[in-house]
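Student: Here is my input, please return the structure:
(2 chains, ligands or ions: 2)
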Amino acid sequence: MPIMTMVQALNNALDVKLADDPSVLCFGEDVGVEGGVFRVTEHLQRKHGVKRVFDTPLAESSIIGACVGMSVLGLRPVAEMQFDGFVYPAMNQIITHISRYRYRTRGQRNMPVTIRFPYGGGVKALELHSESMEAMYAHIPGLKVVIPSTPYDAKGLMIAAIEDNDPVIFQEPKRLYRATKQEVPDGLYRIPIGKAKVEKEGKHMTIISWGAMMHVCRKALASLDQDNIDVELGDLRTIYPLDWETIVSSVQKTGRLLVVQEGPKSFGVAAELIALVNEKCFEYLEAPPMRLCGNDTIPPLPRSEDLYCPTPERVHFYARKLLDYAT
Amino acid sequence: MATEVKAKKGDRVSNGKPNGASLFESFHPLSGNKLEVLDPNGKVTHPEWLPDLSDDLLVEGYKMMRFARIADLKAVNLQRQGKLYTLPVNRGQEACAVGSAMAIRKSDWLVPAFREIGAYLWHGWPLSTLYKWYLGLEAGGVLPEGVNSLPTSVPITSQLPHAAGLGHAIKYKGLDAVVMAYVGDGGTSEGDFSEGLNWAAVFACPCVFFINNNHYAISVPRESQTRAETLAQKALGFGMPGIQVDGNDLLAVYRATKEAVDYARAGNGPVLIEAVTYRLGAHTTSDDPTKYRTTDEEKLWEPRDPLLRTKKYLFEKQVWSDEKEEELVQYCTAQVVRATEEVIHLGSNPIPELFENMYESLTNSLEEQKRDLEEFLRWQGKRG
Ligand SMILES: Cc1ncc(C[n+]2csc(CCOP(=O)(O)OP(=O)(O)O)c2C)c(N)n1
Ligand SMILES: [Mg+2]
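Tutor: Ligands and ions are numbered 1, 2, ... in the order given. Purely as a prediction, here's the structure:
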């Protein structure tokens, strides 16, 4: 089986879907000739032609707005937004059309659109290149929100997202683009949207994360183990719709929950998860659920970035606090 | 059915002029010319620009203008009686809507803004569907099979990138279709105006962008939107032909739009049309125009009513009569009453419909919320 980075796995997913389905188009700024600033679409134009994979004008609202018209005529657009911080010019189209077209037309017209973009910090980038706003997208009714944390999942989720008849926000953890390699099968396979995954079983507490922070949590496992903290680690993979069963049954087992989130703490996905376990398994909780998150600040510029993002050491620190909680 | 659109972007004749662009040359946006065929008395002032339009089609166009007028007035009346919610008033702009829609085929795509009732109806929207929208029902966005139209777009100008995307898909799939998209004068200031037109131009999409310049965006006059002398001039910055027409002249609107549609269909790319018109009514049923315009100004436009002008022309051509007019009014009124009766009793959506259609299938959270609402309603029902 080929070994791939996440960038390669995503590239392969797009390649396979472009070959599989003539209604799939990939486009965005610098997507065609250059292959994307992170090379996720590298060689795809050469392989599939300029009609299938192309550069657009530098205008995000039209990139997403055009997806509406394309979808109405049966295409499956895969639009790249160059960076997390540059989706905002397209927010009007995402909120006022992409997310609500199916509802507004009573199911007559669906929007099988995939909006993919690199997200998150940790790569010492310019301002507005380190946003982690999945809670904002998940809060918009009508969107699905997907974030992979491994090359294998990235490919399977991307294929599922493209095939999904609803609009999917597909956030790619840019700092994991090349961080790890993994065996990734050739050809088509899918990771179902809406299914989380328990990556490691444990009995003292459940740690839930997603995307780039999964990697931070994985890195914390060794020191947690040395500290005799046996963690169950779960990867959400899909933010909306949330996989209630997997989260709740894990917390029922361990009685403790720590959520690790990169984005701002208040009103985030972590808050939603904590509300969920309070609603669904309050009586199983042995300690108040905790969340380790980014601050309610804009992500600091590179020099101070490490004080914002959760780190393996902070995961350990919070896990310790959660375990030491005494009623 | 689908035939390949052969011509490509940049497919021009040797003198550098776009194919078949004589009208666009004569009315180049910098020429200061505005296309007019009829004067307000229905007299032909520019026979050289008379469209090739059969008497039958001409009469059909007039009938649709009348139908649109009556349907619009009825909607306004129903709103005043508290039976419909806020709705836009169309009176005065019927030539823009009908004249432009007449230039496209049933297989072409309509991308409305919201003040083109004549275009909706001409292109096949049932009046009852429009009334459902005014009645606050999502069913107002559901079209009969085969009516190639997007639903009404509430955020101003956000529909233009959709038009570009439709045009893009038409080209990609090799379909023989053109996109007819509308926007208001105020809407030309929105970013999506630039983004939509630019995309369509860059990819030579078969799109016609039609500006209803009715002089106001709610209360804000056209002069406060842009320092450009005309809105048609904006075409130049996108590298597409632009033309200004008298929007109260059905023949001029049809002539310009037909030319634009043919141009787009031939693969030359998009065209921008600015139709200069005036809304004789309020912006919507919640608007009071006396706040921002004078009755003198309104009086100036009353005699330029597009229906008067077209009717006079039809009489002149001896294809119309008072009897036919009376018959038409009766027919339209009956249709309008029928559409009203069809919708006016409709209540709120059934509960499943409130939750379904957000996604292809119900998500866990929606399923739970639906159950919660049903549980509450059962509890409420039992309490009586
Ligand atoms: C993005 C957005 N901003 C504001 C509004 C509120 N609004 C509705 S109609 C309108 C004026 C539109 O003017 P124009 O484009 O000239 O069209 P007209 O109403 O004259 O037909 C405004 C400001 C809106 N619907 N969408
Ligand atoms: Mg206006």
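Student: Now do the strands in the stretch 1-150 of chain A.
Tutor: Under the criterion DSSP state E, counting those that start in this stretch, the stretch 1-150 of chain A carries strands at the ranges A:3-4, A:24-28, A:53-55, A:76-80, A:114-119, A:144-146.
Student: Could you measure from the nearest residue to residue A:204 once chain neighbours are set aside over to ligand 2?
Tutor: Nearest-residue entry for residue A:204: residue A:230, 4.6 Å, with adjacent residues in sequence omitted and distances by CB to CB, 6 or more residues apart in numbering or on different chains. Quick note: C-beta positions are derived from backbone N, CA and C, even for glycine. Using CB to the ion, to the nearest Å, residue A:230 is found at 67 Å from ligand 2.
Student: Tell me who's in contact with residue A:230.
Tutor: Taking CB atoms under 8 Å, 6 or more residues apart in numbering or on different chains as the criterion, residue A:230 is in contact with A:202-204, A:224.
Student: And for residue B:358?
Tutor: With contacts taken as CB under 8 Å, 6+ apart, residue B:358 has the following neighbours: A:102-103, A:141-142, B:366.
Student: Quick check: it vs ligand 1, distance?
Tutor: Here the criterion is CB to the nearest ligand atom, to the nearest Å. By it, residue B:358 lies 23 Å from ligand 1.
Student: If you tally nearby residues, what's the number for the residue lying closest to residue B:156 once chain neighbours are set aside?
Tutor: In space, residue B:156 comes closest to residue B:187 once its chain neighbours are excluded; the distance is 4.8 Å by CB to CB, 6+ apart. Burial of residue B:187 is recorded as 23 neighbouring residues (other CB atoms under 10 Å in any protein chain shown).
Student: ok, now residue A:325?
Tutor: Number of residues near residue A:325 (other CB under 10 Å) recorded here: 12.
Student: Ok, residue B:224 next?
Tutor: When neighbours are counted by other CB under 10 Å, residue B:224 registers 12.
Student: Need the per-residue pLDDT for it.
Tutor: With respect to pLDDT, residue B:224 scores 97.
Student: Now do the same contact list for the residue nearest the centre of chain B.
Tutor: Nearest to the centroid of the C-alpha atoms of chain B, with distances taken as CA atoms, centre = their mean, sits residue B:116, at 3.4 Å. If you count contacts by CB under 8 Å, 6+ apart, residue B:116 has them with B:90, B:93, B:96-97, B:100-101, B:182, B:212.
Student: Near ligand 1, which residues of the stretch 251-384 of chain B are found?
Tutor: Taking CB under 6 Å from any ligand atom as the test, the list of the stretch 251-384 of chain B residues beside ligand 1 reads residue B:283.
Student: hmm, 8 Å instead?
Tutor: Proximity of the stretch 251-384 of chain B to ligand 1 is assessed by CB under 8 Å from any ligand atom, with B:279, B:283-284 identified as the residues in range.
Student: Over to chain A?
Tutor: Taking CB under 8 Å from any ligand atom, the part of chain A that reaches ligand 1 is made up of residue A:92.
Student: Looking at chain A, which strand is longest?
Tutor: Counting residues, the longest strand in chain A under DSSP state E turns out to be strand A:257-264.
Student: any idea how far the helix or strand that comes right after that one is from the chain center?
Tutor: For strand A:257-264, the succeeding helix or strand toward the C-terminus, using DSSP states H and E, is helix A:269-281. Per CA atoms, centre = their mean, to the nearest Å, the displacement of helix A:269-281 from the mean C-alpha position of its chain is 19 Å.
Student: As CSV, the strands of the stretch 1-150 of chain A with mean pLDDT, distance to residue A:171 and mean neighbour count would be great.
Tutor: Rendered in CSV, the data for the strands of the stretch 1-150 of chain A read as follows (pLDDT from 0 to 100; distance: least, CB to CB, whole Å; neighbours: other CB atoms under 10 Å in any protein chain shown):
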stretch, mean pLDDT, distance to residue A:171, mean neighbour count
strand A:3-4, 98, 19, 16
strand A:24-28, 98, 15, 24
strand A:53-55, 98, 21, 21
strand A:76-80, 98, 12, 26
strand A:114-119, 98, 4, 26
strand A:144-146, 98, 7, 27
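Student: Tell me which of these sits nearest to residue B:192.
Tutor: strand A:76-80 (15.6 Å; CB to CB).
Student: For the contacts of residue B:358, pick the one with the most neighbours.
Tutor: Among those, the one with the most neighbours (other CB under 10 Å) is residue A:102, at 23 neighbours.
Student: Show the contacting residues for the residue of chain A found nearest ligand 1.
Tutor: Nearest to ligand 1, among the residues of chain A, is residue A:92, at 7.3 Å (CB to the nearest ligand atom). Contacts for residue A:92 were tallied using CB under 8 Å, 6+ apart; they are A:61, B:155, B:158, B:192.
Student: Restricted to helices, list those.
Tutor: In helices, judged by DSSP state H, the following of those are found: A:61, B:192.
Student: Ramachandran angles for residue B:242?
Tutor: Reported as degrees, to the nearest 10, the phi and psi values for residue B:242 are phi -130, psi 150.
Student: what's the weakest-modelled helix or strand in chain B?
Tutor: Among the secondary structure pieces of chain B, namely its helices and strands, helix B:351-355 has the lowest mean (mean pLDDT, DSSP states H and E), a mean of 89.
Student: right, and the strands of the stretch 1-150 of chain A - which one's nearest residue B:302?
Tutor: Taking CB to CB, strand A:76-80 is the member of the strands of the stretch 1-150 of chain A nearest to residue B:302, at 47.3 Å.
Student: ok, that closest one: who's next to it in the sheet?
Tutor: Pairing partners of strand A:76-80, with direction, according to DSSP bridges: strand A:24-28 (parallel), strand A:114-119 (parallel).
Student: I'd like those strands written out as JSON lines, with distance to residue A:129 added.
Tutor: As requested, the strands paired with strand A:76-80 are exported to JSON lines (distance: least, CB to CB, whole Å):
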{"stretch": "strand A:24-28", "distance to residue A:129": "16"}
{"stretch": "strand A:114-119", "distance to residue A:129": "8"}
